[in-house]
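Peer 1: no FASTA, just this:
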């Protein structure tokens, strides 16, 4: 799937959140996500949060188009809230790959769960994959680097992380969109990237987010680039290039 992440870039404004959703539903995205952090974050930065009753209308709107909607979640107490709204999938952010209580509770939902590895060591990833509840098959690793630099993307990790026996997605935190297209060479299970508005302000996820009016262009290019990947097997073919002599 191509997953477009709104995160907190709605700035806590219901009208802006709905505007993002309306544009994204026309962009070719497969899914949209929002974010709920831990209680301490919510209490310290309440202005970043949408009212809870906003999500019912947004979920309904997204699902009517056949798209999926997910939540990047850090607060275990909110899982039942989003289960009642029939969320399609979850994402575990930051270093919550080590938060076994949260991960186990999410596994009980039987929903797909994307687990960020942006702050994780190889040892922490290995420890996570050995947990009994991971054997449900609902988990996917997300390769990401918490760096805006193209040189830090380390996209080959997508391939090497597949040794853990689960799908591996790519989540872009790079300010250069070329990393999104390059990631396709390693056949990620999904591609995730953040979006932001057109206003020239500092969004919570700013440097690595794609301007909302550019999202359709990016998604069209992803779909076109995928056509060039092929099967990986060298096959004999006829000469399709007309040579003029």
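Peer 2: Great, that's in hand. The structure displayed is predicted, hence computed values, not measured ones.
Peer 1: what about the residue nearest in space to the middle of the chain, which SS state?
Peer 2: In the chain, the C-alpha nearest the mean C-alpha coordinate belongs to residue 192, at 3.3 Å (C-alpha atoms, centre = their mean). At residue 192 the chain is in strand, as set by DSSP: H, G, I helix; E, B strand; the rest coil.
Peer 1: need the contact list for it.
Peer 2: Applying C-beta atoms under 8 Å, 6 or more residues apart in numbering to residue 192 gives the contacts 3, 4, 5, 33, 91, 114, 142, 169, 170, 171, 172. For every residue, glycine as well, the C-beta is placed using N, CA and C.
Peer 1: mind redoing it with 7 Å?
Peer 2: By C-beta atoms under 7 Å, 6 or more residues apart in numbering, residue 192 lies in contact with 3, 5, 142, 169, 171, 172.
Peer 1: Quick check: the farthest pair among those residues?
Peer 2: Spatial extent of the contacts of residue 192 (C-beta to C-beta) is set by the pair 5 and 169 at 11.8 Å.
Peer 1: in the lowest-mean-pLDDT helix or strand in the chain, what's buried?
Peer 2: Sorted by mean pLDDT, DSSP states H and E, the helices and strands of the chain end with helix 39-44, the least confident at a mean of 91. Buried residues in helix 39-44, counted by 16 or more other C-beta atoms under 10 Å: residue 41.
Peer 1: which other residues reach the next helix or strand after that helix?
Peer 2: Using DSSP states H and E, the helix or strand that follows helix 39-44 in sequence is helix 54-64. Helix 54-64 has contacts (C-beta under 7 Å, 6+ apart) with 14, 17, 18, 21, 25, 32, 69, 85.
Peer 1: Pull the distance from helix 54-64 to the chain's centre.
Peer 2: Relative to its parent chain, helix 54-64 has a centroid offset of 18 Å by C-alpha atoms, centre = their mean, to the nearest Å.
Peer 1: any idea of the mean pLDDT for that helix?
Peer 2: Helix 54-64 carries an average pLDDT of 97.
Peer 1: Buried residues of stretch 48-65, list them for me.
Peer 2: Here stretch 48-65 shows 48, 49, 50, 54, 55, 58, 59, 61, 62 as buried, counting by 16+ other C-beta under 10 Å.
Peer 1: With distance to residue 229 added, can I get the residues you listed in TSV?
Peer 2: Output for these, formatted as TSV (distance: C-beta to C-beta, whole Å):
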residue	distance to residue 229
48	38
49	39
50	37
54	38
55	36
58	33
59	33
61	33
62	28
